[in-house]
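Colleague: Here's a sequence, model it:
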Amino acid sequence: MSARKYFYLVAGLPDLVFDGHEAKHIQWNTLLHDIKQTLHPKDRMFVDELFSIYDFQNLIFLLQNRSDRFINKGNYDYEQLSEGLQDVSKLPTHLSEIIEIFRAQEEENEDEDLKEEFEKYKIPSEDSETKMDLELLVWQRFYEFAGKSENDFIRRWYEFHRMLKNVQSAVMAHKMNVPVKEHLIGNAEEIETFLHSNNGDFGLRKEIPLGEEIFTILDSENIYDREFRFDALRWKYADELSFFNNFDITVILNFLIKIDILERWQHLDKVKGRQLLDQMMKELSKKPETFN
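Modeller: Next comes the predicted model:
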């Protein structure tokens, strides 16, 4: 079955450039609403899947009592997710299961299935007790969810997203001499690649998409510059994934990813950007001080 074509919509989309200049003000919610209104229900579902990453991220914020960091880009607003914490039946399974597993730890739930899931995400804590890593749970579940999408672009986009996240985490952990395993998302075979390699690039420089560029960026000592260049790389990879597509949902998903990147940098000046990235490094350094 051939993909649905959106000739008028795609033809009317503006050309976007990620060149370091301040982006024009983007009416995110209005733009997304207008685009989704023109799409077939199946393709609207793919847009929802693309931005479900913010639902998973927001769930972390709410479960950690950090609601001030809530990102208004997901499929569920603050009120809906908050209500879902009280009544999980109001949320889809891919979100409600995370809440149930998290609560199983807090309430010492005796449900064997929940306890088995809890065991997968345990890590040692500073007080020698074993606790569940909420972020590990959420991101593992998110990438599993994205990997089941019927849309090839979404599957490949978030596979690249996960791989890039793993490489960044592994390199940073290696430099700071902290455990790397607790920061990696994926199956056992993929994680072993990072645990038993003495190479600075873990033998991945020529094995992963845009590997040469990824490790070149990681050599930079300027944290802000590094983050900016990674978003430029994400922009490039989204273009590569949609290169052979014309007027279909893939082109629209690519456009929305670019708008998402531009909107992020519109609000992220150098001072705030450095503060956020410094915070990320501090959080990473709180892990136990042995390298696996």
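Colleague: Quick check: residue 67 vs residue 88, distance?
Modeller: 18 Å (C-beta to C-beta, to the nearest Å). Bear in mind the C-beta positions are built from the backbone N, C-alpha and C, glycine included.
Colleague: Compute the number of surrounding residues for the closest residue to residue 60 other than its chain neighbours.
Modeller: The spatial neighbour of residue 60 that comes closest, neighbours along the chain excluded (C-beta to C-beta, 6 or more residues apart in numbering), is residue 138 at 5.3 Å. Neighbourhood size, residue 138 [other C-beta atoms under 10 Å]: 22.
Colleague: hmm, back to that, of residue 67 and residue 88, give the one with the bigger neighbour count.
Modeller: residue 88 (17 against 12).
Colleague: Run a quick check on the more buried one versus residue 100, I expect a contact.
Modeller: Yes - assessed by C-beta atoms under 8 Å, residue 88 is found in contact with residue 100 at 6.3 Å.
Colleague: about what we covered before: now the residue nearest to residue 60: how far from residue 153?
Modeller: Residue 138 is 23 Å from residue 153, by C-beta to C-beta.
Colleague: Need the residue closest to the centroid of this structure.
Modeller: residue 53 (5.7 Å; C-alpha atoms, centre = their mean).
Colleague: That one sits in which helix or strand?
Modeller: helix 52-63 (DSSP states H and E).
Colleague: which parts of the helix or strand that comes right after that helix are buried?
Modeller: The helix or strand immediately downstream of helix 52-63 is helix 78-86, counting by DSSP H and E. The neighbour-count check on helix 78-86 (16 or more other C-beta atoms under 10 Å) flags 81, 84, 85 as buried.
Colleague: Report all helices and strands that the helix holding residue 53 contacts.
Modeller: helix 78-86, helix 93-107, helix 134-147 (3 or more C-beta pairs under 8 Å, 6 or more residues apart in numbering; DSSP states H and E).
Colleague: between the top helix by length along the chain and helix 52-63, how many degrees?
Modeller: Using DSSP state H to define each element, the chain has its longest helix at helix 152-176. Interaxial angle of helix 152-176 relative to helix 52-63 (axes from the mean of the first three to the mean of the last three C-alpha atoms, to 10 degrees): 50 degrees.
Colleague: Report the rounded mean pLDDT for helix 152-176.
Modeller: Average pLDDT, helix 152-176: 91.
Colleague: what's the angle from that helix to helix 134-147?
Modeller: 150 degrees.
Colleague: what element comes up after helix 152-176 heading to the C-terminus?
Modeller: helix 188-195.
Colleague: which residues touch that following helix?
Modeller: Residues from elsewhere that reach helix 188-195, judged by C-beta atoms under 8 Å, 6 or more residues apart in numbering: 166, 170, 180, 181, 184, 202, 203, 204, 292.
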